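Colleague: dropping a prediction and its sequence here:
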Amino acid sequence: MSESQFLRTVEATLDEVETAIDAAGIAAECSQAALILTIEFDNGAKIVVNAQAPMRQLWLASRIGAQHFAHDGAAWRDTRNGQEFYVALSHAISAIQGETVVLRAPGGP
């Protein structure tokens, strides 16, 4: 994936995450700046999703840890265990909310 393709894919993903959070009715504020999405919850907890252009990765940091994702042409996958990005993000949000949250990628089931 070229750098420009990577950047477009990241921008689209960050926008999609904001849309998915709004659609799920999650009590959180999202803000984007320079390919960094910060999700701040009413209880003060935060999740940060950001691009790492030199490595062509998307990073997710939350209270349950940090994960690195590479795009496989169809989805972002954890570089260690292959977990899909939206599954990991759902787990991170669930840990903060104290209830199961399931976010879906656009066009996903």
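Modeller: In hand now; what should we look at? These numbers come from a predicted model, not from an experiment.

Colleague: rest of the way, CA atoms for contacts and neighbours
Modeller: Fine.

Colleague: and the helices in the protein?
Modeller: 3-23, 85-97 (DSSP state H).

Colleague: tabulate those helices in a markdown table, adding columns for distance to Ile64.
Modeller: Putting the helices of the chain into a markdown table (distance: least, Cα to Cα, whole Å) gives the following:
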| stretch | distance to Ile64 |
| --- | --- |
| helix 3-23 | 18 |
| helix 85-97 | 6 |
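
Colleague: for Met55, which of those helices is the nearest?
Modeller: Proximity of those to Met55 was assessed by Cα to Cα; the nearest stretch is helix 3-23, lying at 9.9 Å.

Colleague: could I have the CA atoms of that closest one written out in CSV?
Modeller: What follows is the C-alpha trace of helix 3-23 in CSV, where atoms were taken according to Å, rounded to 0.1, in the frame of the first residue of the first chain:
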residue,chain,number,x,y,z
GLU,A,3,1.7,6.2,1.6
SER,A,4,-1.2,8.1,0.0
GLN,A,5,-3.4,5.0,-0.1
PHE,A,6,-2.5,4.4,3.6
LEU,A,7,-3.4,7.9,4.5
ARG,A,8,-6.7,7.8,2.7
THR,A,9,-7.6,4.5,4.3
VAL,A,10,-6.8,5.8,7.8
GLU,A,11,-8.8,9.0,7.2
ALA,A,12,-11.8,6.9,6.1
THR,A,13,-11.4,4.5,9.1
LEU,A,14,-11.3,7.3,11.6
ASP,A,15,-14.4,8.9,10.1
GLU,A,16,-16.1,5.5,10.1
VAL,A,17,-15.3,4.9,13.8
GLU,A,18,-16.9,8.3,14.7
THR,A,19,-20.0,7.3,12.7
ALA,A,20,-20.2,3.9,14.3
ILE,A,21,-19.9,5.3,17.8
ASP,A,22,-22.6,7.8,17.1
ALA,A,23,-24.8,5.1,15.6
